[in-house]
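Colleague: Here is a sequence with its predicted model. Questions after.
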Amino acid sequence: MAKPPNGIGRSMPRSNEGMRLIFSAVVGVMLGYLFGISFPTVNITKLHFPSSIISYIEDRNSGITTQTLLNHAWASANSRKKNNSDPKLEEIPKIYVPTNPKGAERLPPGIVVSETDLYPRRLWGDPSEDLTSQPRYLVTFTVGIGQKANIDAAVKKFSDKFTIMLFHYDGRTTEWDEFEWSKRAIHVSVMKQTKWWYAKRFLHPDVVAKYDYIFIWDEDLGVEHFNAEKYIDLVRKHGLEISQPGLEPDRGLTWQMTKRRGDKEVHKVTEERPGWCTDPHLPPCAAFVEIMATVFSRNAWRCVWHMIQNDLVHGWGLDFALRKCVEPAHEKIGVVDAQWIVHQGVPSLGNQGKADNGRAPWEGVRARCRKEWGIFQARLADAEKAYYLAQGITPPNSTAV
């Protein structure tokens, strides 16, 4: 009897085994599909990663695992789905709050923080325990190292109720560490910039909203006869929203309004040279202070900040326009005589200019100041004219500076 060829008897069981594997795979796929459609949503918060993976991705500093963070996020996203069988509950309405700050309309109001502060915080512990005190006032000086001793004397006139902020126009910050107060101060350094450049970029009203009053001062001020807290008391007593200390009358003065009067606590009006004041309630006879040692209330600063121009860094002309931000200006702008200072007139920042065509550095700076004043006057006049015309109103003859 003939034998079958070698291998045929052994290949038949292998063929059957292959068929069984294919059949099992097909059945498995079908069962998986049926199982899947029977459970359309799976609560992903029930998933747990292997401990080996968790230990690998754990934040070694905080001790919080990635699984914990993901589980929290997933739980928040699924918190409203109480009944997965109802498709309507899966359509969560999108958040849109038009009254939120611009750009934050898609956030729930309860999470929006539109203001901040300048209070330093710890890197450890409970955030609610970070602040042992919250200063109510802010004082800023724009400084160079050459005026270090003068600024040290000035800062000591301000108590711990004040946040101290130094803007460094010469880039030298570490030399200030010899003063204990400097270690608590806030230092910002950008080469060859003015205080109004700094103020526009670092003192946004939403950043300094915690402060009742903001002092924006030059570096060359003598403060022997000045007490900051007594000054604040007088400002409040007389309802001043924009103010400055009186200036020592024995030094050169530009304006009569800023000269200290020995018989008053505060003055709000003055007499100037003939023809200088077309209205006794307008600058420079009233509603006027200079920009060397200005003090703003929170509300006044919110307006003034918006009036500062990005490209006009010296602030010339701003003093004549401050009245636009308070009403009535001749009552809310004034000079505090009882707390007075000396303007030393040190041209430190002026020397940061550039010598050109035989001119000293300070001469180029002064020329830029005058040019900016003219530009600012023109911009303000044009802006007011455009506003009145848009409202269908004939513009007044002159409402600008």
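Modeller: Alright, I've got the coordinates.
Colleague: ok, Leu107 - contacts?
Modeller: 95, 97, 100 (C-beta atoms under 8 Å, 6 or more residues apart in numbering). Where C-beta positions appear, they are placed from N, C-alpha and C, glycine not excepted.
Colleague: In contact with the first one, which residues?
Modeller: What it means is Ile95. 106-108.
Colleague: what are the ranges of the strands in the stretch 301-401 of the chain?
Modeller: Using DSSP state E, counting those that start in this stretch, the strands of the stretch 301-401 of the chain run over residues 333-343.
Colleague: Output stretch 298-312 in CSV with nothing but the alpha carbons.
Modeller: Extracted C-alpha coordinates of stretch 298-312, given in CSV (Å, rounded to 0.1, in the frame of the first residue of the first chain):
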residue,chain,number,x,y,z
ARG,A,298,-4.9,105.4,43.3
ASN,A,299,-7.8,106.8,41.3
ALA,A,300,-5.8,109.7,39.9
TRP,A,301,-3.0,107.5,38.8
ARG,A,302,-5.3,105.2,36.9
CYS,A,303,-6.2,108.1,34.7
VAL,A,304,-2.7,109.7,34.5
TRP,A,305,-1.1,106.4,33.5
HIS,A,306,-3.3,106.2,30.4
MET,A,307,-2.2,109.8,29.5
ILE,A,308,1.5,109.0,29.5
GLN,A,309,2.8,108.5,26.0
ASN,A,310,5.0,105.5,25.2
ASP,A,311,7.5,107.4,23.2
LEU,A,312,7.5,110.7,25.2
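Colleague: Could you pull out the buried residues of it?
Modeller: Within stretch 298-312, the residues that count as buried by 16 or more other C-beta atoms under 10 Å are 298, 300-305, 308-309, 312.
Colleague: Next: stretch 153-167.
Modeller: 154-155, 157-158, 162-167.
Colleague: One more: stretch 208-225?
Modeller: So, applying 16+ other C-beta under 10 Å, buried residues of stretch 208-225: 208, 210-211, 213-223.
Colleague: one step back: can you list the buried residues of stretch 298-312 in TSV and add distance to Ala329 and pLDDT?
Modeller: Listed next are the buried residues of stretch 298-312 as TSV, based on distance: C-beta to C-beta, whole Å; pLDDT from 0 to 100:
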residue	distance to Ala329	pLDDT
Arg298	17	98
Ala300	10	98
Trp301	15	98
Arg302	16	98
Cys303	11	98
Val304	12	98
Trp305	17	98
Ile308	18	98
Gln309	20	98
Leu312	21	97
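Colleague: Gly392: which of those is nearest?
Modeller: The closest of the buried residues of stretch 298-312 to Gly392 turns out to be Cys303 (C-beta to C-beta; 25.0 Å).
Colleague: Make sure that closest one is actually in contact with Glu327.
Modeller: No: using C-beta atoms under 8 Å as the test, Cys303 is too far from Glu327 to be in contact (10.3 Å).
Colleague: Low-confidence regions, the stretch 1-150 of the chain specifically.
Modeller: 1-19, 21, 23-90 (pLDDT under 70).
Colleague: Now do the helices in the stretch 51-200 of the chain.
Modeller: 51-57, 66-77, 148-155, 195-202 (DSSP state H, counting those that start in this stretch).
Colleague: Let me see the ranges of the helices in the stretch 251-400 of the chain.
Modeller: Assigned by DSSP H, counting those that start in this stretch, the helices in the stretch 251-400 of the chain fall at 298-307, 318-321, 329-332, 361-390.
Colleague: between those helices, which gets the lowest average pLDDT?
Modeller: Note on the helices of the stretch 251-400 of the chain: lowest mean pLDDT is at helix 361-390, with a mean of 93.
Colleague: helices or strands next to that one in the packing?
Modeller: helix 318-321 (3 or more C-beta pairs under 8 Å, 6 or more residues apart in numbering; DSSP states H and E).
Colleague: send the alpha carbons of the helix it packs on over as PDB?
Modeller: Extracted in PDB, the C-alpha atoms of helix 318-321 (Å, rounded to 0.1, in the frame of the first residue of the first chain):
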ATOM      1  CA  LEU A 318       2.300 116.300  31.600                       C
ATOM      2  CA  ASP A 319       2.200 118.600  34.700                       C
ATOM      3  CA  PHE A 320      -0.100 121.100  32.800                       C
ATOM      4  CA  ALA A 321      -2.400 118.200  31.800                       C
END
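Colleague: who's in contact with that helix?
Modeller: With C-beta under 8 Å, 6+ apart, helix 318-321 has contacts from 196, 283-284, 288-291, 294, 304, 307-308, 376, 380, 400-401.
Colleague: ditto for stretch 207-219
Modeller: 115-119, 134-144, 147, 150-151, 154, 162-163, 195, 199, 203, 228, 232, 235, 292-298, 301, 343, 346, 348-349.
Colleague: Which ones among those lie within strands?
Modeller: Using DSSP state E, the members of the contacts of stretch 207-219 that fall within strands are 137-143, 162-163, 293-297, 343.
Colleague: so which of the residues you listed comes closest to Trp181?
Modeller: Once C-beta to C-beta is applied, the member of the ones in strands among the contacts of stretch 207-219 that ends up nearest Trp181 is Phe162, at 10.2 Å.
Colleague: isn't the closest one right up against Gln134?
Modeller: No: taking contacts as C-beta under 8 Å, Phe162 lies outside contact range of Gln134: 11.5 Å.
Colleague: Distance check, the residue nearest to His168 when sequence neighbours are not counted against Val143.
Modeller: Closest residue to His168 apart from its sequence neighbours, by C-beta to C-beta, 6 or more residues apart in numbering: Ser189 at 4.0 Å. For Ser189, the distance to Val143 equals 10 Å [C-beta to C-beta, to the nearest Å].
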